[in-house]
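K.L.:
can't give you the sequence, but here's the structure:
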């Protein structure tokens with residue numbers, strides 16, 4: 001009983017209102033995120049348009065947030081409504097208050113009447129916000145009241161980060177960067193084609209202010225001796241340094257070797273690590289091999305006086 005024509009009309013009207021409300025969020029939030037990203041308050045990736053000329057990263061983030069809320073609150077409308085109501089009326093309050101400030105700042109013709117209308121609107125929606133926040137606090141409104149100040153704090157931190165980065169990267173009043181000596185290191189397990197490519201690249205960089213060293217991390221004296229003989233056979237006369245690794249680790253001992261070398265660097269001296277790597281024909285072949293080169297590059301990029309260059313050797317399709 002009770003499910004007459006008016007019931008279905010009410011249900012349909014409610015559904016249409018909620019669809020419009022959801023659509024408004026997806027239409028407006030990505031644009032707002034793009035504005036914030038342009039000003040530096042959120043990651044700049046949200047200011048990029050996709051191939052369909054929409055701010056797709058903002059849409060995806062909003063979609064992920066909506067899915068998370070539906071899952072956390074078990075899709076209960078009664079639990080989600082307080083969050084929606086507080087968020088909506090708070091936005092109305094801030095927007096109308098902002099319009100009052102705008103009218104009083106620009107002072108166009110008839111601005112007092114407009115400011116009065118927006119002032120009344122801001123007051124009314126502000127009262128509604130307080131009422132909903134206080135009466136529905138324990139049923140979910142607390143989440144919005146905590147999340148918004150935390151988000152504002154996060155936005156300010158991001159803005160400060162971008163400002164600091166911009167100041168540090170500015171070329172004004174910066175002394176020129178001179179390299180007086182370049183110590184080139186080539187990590188090498190064996191004399192493979194990628195290793196020979198890396199050696200040729202190192203030769204192209206060599207001059208009187210450059211020295212080239214082959215570094216072999218060894219847990220077995222036989223492999224070190226084998227590499228030494230191969231280098232002699234190919235008449236490669238660069239210095240070979242063997243770094244002992246009793247626990248069969250590769251990256252750790254190599255980074256320790258660089259740390260010790262860095263301690264002896266004079267002003268203007270740098271270390272360049274040329275990493276020989278092979279590139280597989282397909283992406284899934286890549287998964288079949290260890291990622292020593294990638295891990296080494298990632299670790300070395302964190303070091304201040306070390307430059308990293310990758311010399312790829314592309315394998316043919318098989």
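P.N.:
That came through fine. Predicted model only: the values in this text are computed from it and were never measured. Numbering: from 1, shown residues only.

K.L.:
only C-alpha atoms for contact and neighbour calcs from this point on.
P.N.:
OK.

K.L.:
can you tell me which residues contact residue 93?
P.N.:
For residue 93, the contacting residues are 121-123, 125-126, by CA atoms under 8 Å, 6 or more residues apart in numbering.

K.L.:
For it, which non-adjacent residue is spatially closest?
P.N.:
residue 122 (4.5 Å; CA to CA, 6 or more residues apart in numbering).

K.L.:
now residue 183
P.N.:
residue 271 (4.7 Å).

K.L.:
Likewise for residue 314?
P.N.:
Closest to residue 314 by CA to CA, 6+ apart is residue 279, at 4.7 Å.

K.L.:
same deal with residue 311?
P.N.:
Leaving aside its chain neighbours, residue 311 sits nearest to residue 276 (5.1 Å; criterion: CA to CA, 6+ apart).

K.L.:
helix/strand/coil for the one you found?
P.N.:
When classified by DSSP: H, G, I helix; E, B strand; the rest coil, residue 276 comes out as strand.

K.L.:
From what I see, it and residue 198 are in contact.
P.N.:
Yes. Using CA atoms under 8 Å, residue 276 makes contact with residue 198 at a distance of 5.4 Å.

K.L.:
Give the intersection of the neighbour lists for these two.
P.N.:
Common neighbours of residue 276 and residue 198 are listed as 186, 311 (criterion: CA under 8 Å, 6+ apart).

K.L.:
how near is the residue nearest to residue 311 to residue 248?
P.N.:
Using CA to CA, to the nearest Å, we find residue 276 at a distance of 20 Å from residue 248.

K.L.:
Just want to know which of those two has more residues nearby.
P.N.:
Neighbour count, other CA atoms under 10 Å: between residue 276 and residue 248, residue 276 has more, with 23 against 13.

K.L.:
what's the more buried one in contact with, if anything?
P.N.:
Contact analysis of residue 276 by CA under 8 Å, 6+ apart lists 186-188, 194-195, 197-198, 293, 310-313.

K.L.:
Turn these into a markdown table, columns for pLDDT, secondary structure and distance to residue 22.
P.N.:
A markdown table is the format used below for the contacts of residue 276 (pLDDT from 0 to 100; DSSP: H, G, I helix; E, B strand; the rest coil; distance: CA to CA, whole Å):
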| residue | pLDDT | secondary structure | distance to residue 22 |
| --- | --- | --- | --- |
| 186 | 95 | strand | 57 |
| 187 | 94 | strand | 56 |
| 188 | 93 | coil | 57 |
| 194 | 92 | helix | 55 |
| 195 | 93 | helix | 57 |
| 197 | 93 | helix | 57 |
| 198 | 94 | helix | 56 |
| 293 | 85 | helix | 47 |
| 310 | 91 | strand | 48 |
| 311 | 92 | strand | 50 |
| 312 | 90 | strand | 49 |
| 313 | 88 | strand | 51 |
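
K.L.:
Only the buried subset of these, as a ChimeraX command please.
P.N.:
Entered in ChimeraX, the line below selects the buried ones among these, by 16 or more other CA atoms under 10 Å:
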select :186,187,188,194,195,197,198,311,313
